[in-house]
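Engineer: Need coordinates for the below:
(one chain, ligands or ions: 1)
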Amino acid sequence: MQIAILGGTGPQGRGLAARFARDGHQVSVGSRKADRAAQVAEELNDRLPSGITVGAGTNLDVVTDADLTIIAVPFDGQAALLADLVDALAGQVVVNCVNPLGFDKQGPHGIEVPEGSAAEQAASILDRSTVVAGFHHLAASVLLDDGPVHDETVMVCGDDADAKATVIGLCGAVAKRGGVDAGPLRNARYLEPLTAVLISINKAYKAHSGIAISGL
Ligand SMILES: NC(=O)c1ccc[n+]([C@@H]2O[C@H](COP(=O)([O-])OP(=O)(O)OC[C@H]3O[C@@H](n4cnc5c(N)ncnc54)[C@H](OP(=O)(O)O)[C@@H]3O)[C@@H](O)[C@H]2O)c1
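Structural biologist: Take a look at the predicted model:
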């Protein structure tokens, strides 16, 4: 697939880009600044096996030819960015991995989102795209470490069965247990703040924890 990553210059976008490129997809990292995207792509390409490269461009450039786009920007930048890309993303499957979190002296916590979740906010803006939620609990450091994927499951939420199946089909590239259907898009409101728990576990155990679903 041709995969575009909005905010592909950040750790999460870079990690997903590297894993999907290694899995045989054509991946482009997007940025608000074309030269920053180009620099990040060059750094990734230096690390990827010979013959595998990722492309780069502005966020608008990279979504234009994509089959599927992943949103990997901070929650507070999502709404304005997507409002500018409504037409460009029309007809596409758009995957949201955004975790709206706040931090206080007790650590990370989920913040209230009027639409219910970052994914539902994205769906409310991108009224001609099919929004799916997934990849929330994959640590960027693990995606970027060039080793084998970890023993994790990706929980994928969405209201369109075909779009959800498409995203589940990608998950083997980033998690050993692949993806599972985790219900409708509104379930993203439970997945996103769960990341606060994983970050707390990471802090307590100095680890990169993930989620593996058993019993399937
Ligand atoms: N880091 C993780 O381990 C992890 C794991 C799971 C999910 N996530 C989620 O994935 C998303 C990205 O995480 P990250 O750690 O990679 O974040 P990040 O480094 O803070 O941001 C990623 C990229 O987003 C762009 N960006 C920043 N502010 C923006 C704004 N106001 N408007 C538009 N673009 C903006 C920047 O790219 P340019 O300056 O190049 O435009 C930046 O490089 C977050 O929503 C996070 O919750 C992260």
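
Engineer: In space, what's closest to L170 - neighbours in sequence excluded?
Structural biologist: The spatial neighbour of L170 that comes closest, neighbours along the chain excluded (C-beta to C-beta, 6 or more residues apart in numbering), is F20 at 6.9 Å. No exception for glycine: its C-beta is placed from N, CA and C like everyone else's.

Engineer: ok, now how distant is that neighbour from the ligand?
Structural biologist: 15 Å (C-beta to the nearest ligand atom, to the nearest Å).

Engineer: Tell me how many other residues surround that residue.
Structural biologist: By the criterion of other C-beta atoms under 10 Å, F20 has 22 neighbours.

Engineer: In which helix or strand does it reside?
Structural biologist: Assigned by DSSP states H and E, F20 belongs to helix 11-22.

Engineer: pLDDT score for the residue nearest to L170?
Structural biologist: In this model, F20 is scored at 98, pLDDT.

Engineer: Buried residues, stretch 161-176. List them.
Structural biologist: For stretch 161-176, burial by neighbour count (16 or more other C-beta atoms under 10 Å) applies to A163, K164, T166, V167, I168, L170, C171, A173, V174, A175.

Engineer: Nearest to the ligand among the residues you listed?
Structural biologist: Distance to the ligand across the buried residues of stretch 161-176 (C-beta to the nearest ligand atom) is lowest for V174, with 10.7 Å.

Engineer: Identify all contacting residues around the helix holding F20.
Structural biologist: Outside helix 11-22, the residues within contact range by C-beta atoms under 8 Å, 6 or more residues apart in numbering are 3, 5-8, 27, 29-30, 40, 44, 47-49, 52-54, 70, 72, 97, 135, 138, 140-144, 146, 149, 170, 173-174.

Engineer: Quick check on those: which are buried?
Structural biologist: The buried subset of the contacts of helix 11-22 - by 16+ other C-beta under 10 Å - is 3, 5-8, 27, 29-30, 40, 44, 48, 52, 54, 70, 72, 97, 135, 138, 140, 142-144, 149, 170, 173-174.

Engineer: Which residues of this protein lie near the ligand?
Structural biologist: Neighbours of the ligand within the chain, by C-beta under 6 Å from any ligand atom: 7, 9-13, 31-33, 36, 72-75, 77, 81, 97-99, 136, 138-140.
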